[in-house]
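K.L.:
model this:
(chains A and B)
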Amino acid sequence: MAEKLTKQSDDYPRWYTEVVQRADLAEHAPVKGSMIIKPYGYGLWEAIQRQLDDMFKATGHQNAYFPLLIPESFMKKEAEHVEGFSPELAVVTHAGGKKLEEPYVIRPTSETIIWDTFRRWIQSHRDLPLLINQWANVMRWEMRTRLFLRTTEFLWQEGHTAHATAEEAQEETLRMLEVYRTFAEDYMAIPVLTGVKTDRERFAGAVNTYCIEALMGDKKALQAGTSHNLGQNFAKAFDVKYQTKEGVAEYVWATSWGVSTRLIGALVMAHGDDAGLILPPRLAPIQAVVVPIFRKDDEKVPVMDACTKLIAELRAAGIRTHLDDRDQRPGWKFAEWELKGVPVRIEMGPKDLAAGEVRVGFRHSGEKQQEKADSLAAKLPAILEAAQQGLFDRAVEFRKANTHRVDSWDEFKERLDAGGFLYAHWDGTTATEEKIQKETKATIRCIPLDDDMEDGKCVFSGEPSKRRVMFAKAY
RNA sequence: CGGGGCGUAGCUCAGCUUGGCAGAGCGCUAGCUUUGGGAGCUAGAAGUCGGAGGUUCAAAUCCUCUCGCCCCGACCA
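P.N.:
A predicted model of the protein is given here:
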């Protein structure tokens, strides 16, 4: 703990790895690409889960749980799905000391097992819509992994819904995308761009994939969540039909949507600085930490008494508060809580006690100010909300400063070197998309939803284009 | 799978070229002094030198095989 973090400007990936490990979010597990999520990191995930789960319930969804192991044959029923996922499947071939007749795959996502189940659950139009979510772990065998951003096993939620009409499925797809956008912006304090993926980036088996894209501190893009309109692809693959009021058998329409522990990586990279994490108050496992300061016992006793009283008041006010009474020097504690991104630090020493005050330090701004101890509990909720807003505003400004419209190939390449989001015209072909990636490493992150149509010429091929798309280098 | 690197104390690593008592820093334990921005001193505990085989009086060091990890390229929430 004594050493300083690598600076973001010196080596951003290294900074990320160090922060994640030294802030006690996670560490590497013995199996390549898998991670141990430590209590502080898991606390963050729990905060994310709680809020999202409430939002899912509020939009009519119910939780259920489907199994980890999926018969291999299920994966093969939807052509695009199997093609998309087969390279990253982990397969169980032996169990109970014997070779299995049919191998099981460890779920990379649960569409197949869920649609096999939905076939039995759905008979009538009265069974629709069917709105299911599950919190689960999944496994995708990745070549290159990074804690939270890409691990072979990760935690996520996956929503799976079935609808009577194409329109309802599309509404659901966009409704959940909006839930994700709201969550990212209002709770994670990260502004996100909503859009549609190109054919190339679309989920294997979907008709359309919608996404939220966020800008990280190193000006690279991160896909933070996806919502898919699956059309009737899985209904047809698994023969899921319902009887309409008229008695006609029709295939149902489907969606699926998910966010994962990758969100924690997004949180780290969207807000963190050279001193470590900066957590948004609404999700911070600890919103305020109290650091007592004293020399001898004659100072310790009254200071600790005052801290205990203060903490009781803060907790009564609904603030997640922690008393750091460890046998360490105050300066050491300050540095550690900054590393861990706690929004507010409260210092209480003999001088403060004599004045009936505390010193309050803010992680996101680095500012410190004196506050009356007995009115702090009443003021702190508003202070935390202001910090939440301040973080979001700063992220919005950062994104604005790193978003550009480009109209020529030279400008494209030049701007791309500096990072950020680039809005440019594209001729709509996969061939062009691939050539651009090959030459520049940039990909089309999405076709923005809220952008106006605008005639132009493809920045690469010069062919006509009806609208701009967003390019960026991405994680 | 191709290219590069590394396995020695909990962590980061030195020692290997030229074989000869198993080392340092951080962390940990105990004590004393300290405590408002990452403390100091003293004393300790801590190791199958990734594994197997070989050469040798003697192997962390040389040889052979093997296992694992990290980084860079082709895939991705």
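K.L.:
how about the residue of chain A positioned farthest from its centre, secondary structure?
P.N.:
Most distant from the centre of chain A: A:Asp298, at 47.9 Å, with distances by C-alpha atoms, centre = their mean. Counting by DSSP: H, G, I helix; E, B strand; the rest coil, the backbone at A:Asp298 sits in helix.
K.L.:
Enumerate every residue touching it.
P.N.:
Going by C-beta atoms under 8 Å, 6 or more residues apart in numbering, A:Asp298 touches no other residue. To be clear about C-beta, it is placed using only N, CA and C from the backbone, and glycine gets the same treatment.
K.L.:
One more: A:Ile346?
P.N.:
A:288-291, A:310, A:358-361, A:376.
K.L.:
do A:Ile190 as well
P.N.:
Contacts of A:Ile190 (C-beta under 8 Å, 6+ apart): A:184, A:214, A:224, A:266-267, A:270-271, A:392, A:395.
K.L.:
show me where the stretch 1-150 of chain A has helices.
P.N.:
A:12-22, A:39-58, A:72-75, A:79-85, A:111-121 (DSSP state H, counting those that start in this stretch).
K.L.:
Show me what from the stretch 251-400 of chain A comes close to RNA strand B.
P.N.:
Residues of the stretch 251-400 of chain A lying near RNA strand B by C-beta under 7 Å from any atom of the strand: A:258, A:260-262, A:275, A:293-296, A:329-332, A:334-336, A:338-339, A:345, A:347-353, A:359, A:361, A:368.
K.L.:
picking up where we left off before, from the contacts of A:Ile346, which is closest to A:Leu147?
P.N.:
A:Val289 (24.0 Å; C-beta to C-beta).
K.L.:
where does the closest one fall, phi/psi-wise?
P.N.:
Phi and psi for A:Val289, reported as degrees, to the nearest 10, are phi -110, psi 140.
K.L.:
count of neighbours near it?
P.N.:
24 (other C-beta atoms under 10 Å).
K.L.:
what's the answer for A:Ala166, then?
P.N.:
13.
K.L.:
mind checking pLDDT for it?
P.N.:
At A:Ala166, the model reports a pLDDT of 98.
K.L.:
roughly how far apart are it and A:Tyr65?
P.N.:
In this view, A:Ala166 and A:Tyr65 are 29 Å apart by C-beta to C-beta, to the nearest Å.
K.L.:
if we can go back for a sec, if I look at the residue farthest from the centre of chain A, how far off is A:Glu83?
P.N.:
Counting by C-beta to C-beta - A:Asp298 and A:Glu83 are separated by 74 Å.
K.L.:
For the stretch 351-475 of chain A, just list every one of the strands.
P.N.:
A:357-362, A:368-372, A:403-405, A:421-425, A:443-448, A:456-457, A:464-465, A:468-472 (DSSP state E, counting those that start in this stretch).
K.L.:
Quickly list what the closest residue to A:Glu371 other than its chain neighbours is bridged to.
P.N.:
In space, and not counting its chain neighbours, A:Glu371 is closest to A:Val360: 5.0 Å by C-beta to C-beta, 6 or more residues apart in numbering. Beta bridges link A:Val360 to A:Ile346, A:Gln369 when assigned by DSSP bridges.
K.L.:
Hmm, A:Leu376 and A:Val360 touching each other?
P.N.:
Yes - using C-beta atoms under 8 Å, A:Val360 makes contact with A:Leu376 at a distance of 7.3 Å.
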